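Q: From the sequence below, what's the structure:
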Amino acid sequence: MSEQSSGCDYLSKKWSLDEKDLKILTALDGLGGNASAQQISDYIHKEMKEEKGEEPIPARTVRYRISTLFERGVLLPSILQTDERKIGLGEGILILHEGPAMSKVLENLIQQIPIFYWYVPTHGRYDGFLIHTVFDMTRPDMISEIAESMKKKGLVTDFSFFEIVDNESKKIDFTKYRSSGRWICDWENWKKNIEKNLREGPKSPFSLSKQHEIIDCDWIDILILRVLKNDPDSAIQSLASITAMPIQQVRERVQKLRDSKVIKGYSRAYGFAGDLLWFSCFMKINERVGAILSSMYELPFPGVVLMADDMHYCVRFALSTSNLKQFLDGFRLIRPFLNDYFFQFHLPDRIETKYENIFDLFDRKEGKWNIPLKDYIKIVREHSEK
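A: Got it, this is the predicted structure:
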């Protein structure tokens, strides 16, 4: 039996993280995905000031360790966080309950509709596919129109659409991560904190907003976003070459996108090992919103909160299957404060497409989004006739 297939030496070598690794990962999570080695070193030094006997981590060591973490697959490339609503592009989650014997046909259909940029097979209230999609904000019903056409043609029997108005990733507590790829959580203490939060009603720790003022932009702005989505580390010189514009003008445009918060920042993706199960929990919260979101924030795991409005939220986590029961035990304390909720579990054979291709739907001449809804409805009809 090989080292990799045995699941022992290979995983131990790949995922063994010492204290310095964990401090670097914590700093990256706090500073953002594009933090420099010197910024990370300074961040760690500041955090260690009160820890006697601790030695600072020099920038050169940080640089070497980050390179090694990339090679081992612990660190993945940084991700550009953007607010597409400010450029007129909405985003949402479409969940489809597939019709009988329609799984392969439906998956092929999903792959052929460009605005369906990411999807996973899913089980829960809906058994089929969970899809991240975009839409033209001047035509907010277009996703429901596509789904309704699927339903009329028998490709799906039911569907649900969750519009994402804002989202925010939660901080990760890397001190609770073990080299085996498992996370350690004091579940009894978490349940006590849930009860405390529900009594005291704290404010939400997330900075979610419904305000997204649309800015004036042209195809050059869209092209810049497309390039940065594909490669967040693209230099100004590279952008100038691609856009055929002077460096100073490109720099000013990028700064405008940052000042207007179209570019929200950078986050780092992690290739965590172990038996992790991703799930999305969709909730309609009738009271104690801050208390419920605070309780979710206290978990050490990687996760994100997505908001549709003041009552509708989706929380998404990656848990080891051994911890799922403990999470659901704590979730029972929250259920009385929910008008409705349902879980969708993500199956591991996730398929991703290129999100940057979405920006190709911007009409350069018209200066607006041109999403061909009729063409997508035609694709649905063609698949239903096969």
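Q: roughly how far is stretch 368-378 from the heart of the chain?
A: Centre-to-centre, stretch 368-378 and its host chain are 26 Å apart (C-alpha atoms, centre = their mean, to the nearest Å).
Q: With only the CA atoms kept, save that stretch in PDB.
A: Output of stretch 368-378 as PDB, limited to C-alpha atoms (Å, rounded to 0.1, in the frame of the first residue of the first chain):
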ATOM      1  CA  LYS A 368     -24.900  47.900 -19.900                       C
ATOM      2  CA  TRP A 369     -25.400  44.200 -19.200                       C
ATOM      3  CA  ASN A 370     -26.800  42.100 -22.000                       C
ATOM      4  CA  ILE A 371     -27.900  38.800 -20.500                       C
ATOM      5  CA  PRO A 372     -29.800  36.900 -23.300                       C
ATOM      6  CA  LEU A 373     -32.600  35.400 -21.200                       C
ATOM      7  CA  LYS A 374     -34.500  34.200 -24.300                       C
ATOM      8  CA  ASP A 375     -31.400  32.200 -25.400                       C
ATOM      9  CA  TYR A 376     -31.300  30.500 -22.000                       C
ATOM     10  CA  ILE A 377     -35.000  29.600 -22.100                       C
ATOM     11  CA  LYS A 378     -34.300  28.100 -25.600                       C
END
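Q: what helix or strand does the spatially closest residue to Gln249 that is not a sequence neighbour sit in?
A: Nearest residue to Gln249 in three dimensions, chain neighbours excluded: Ala240, at 8.0 Å (C-beta to C-beta, 6 or more residues apart in numbering). Just so you know, the C-beta spots here come from the backbone N, C-alpha and C atoms, and that holds for glycine as well. Element membership for Ala240, per DSSP states H and E: helix 236-243.
Q: Show me what that helix is packed against.
A: On a contact count with 3 or more C-beta pairs under 8 Å, 6 or more residues apart in numbering; DSSP states H and E, helix 236-243 meets helix 219-230, helix 247-259.
Q: which residues are in contact with the helix or strand following the last one?
A: Tracing the chain past helix 247-259, the next element assigned as helix or strand by DSSP H and E is strand 263-270. Contacting residues not belonging to strand 263-270 are listed as 25, 28-29, 32-34, 74-83, 169, 172, 225, 228, 232, 254, 257, 302 [C-beta atoms under 8 Å, 6 or more residues apart in numbering].
Q: ok now the following helix or strand past strand 263-270, how far from the chain's centre?
A: Tracing the chain past strand 263-270, the next element assigned as helix or strand by DSSP H and E is strand 276-285. Relative to the chain's own centre, strand 276-285 is displaced by 13 Å; criterion: C-alpha atoms, centre = their mean.
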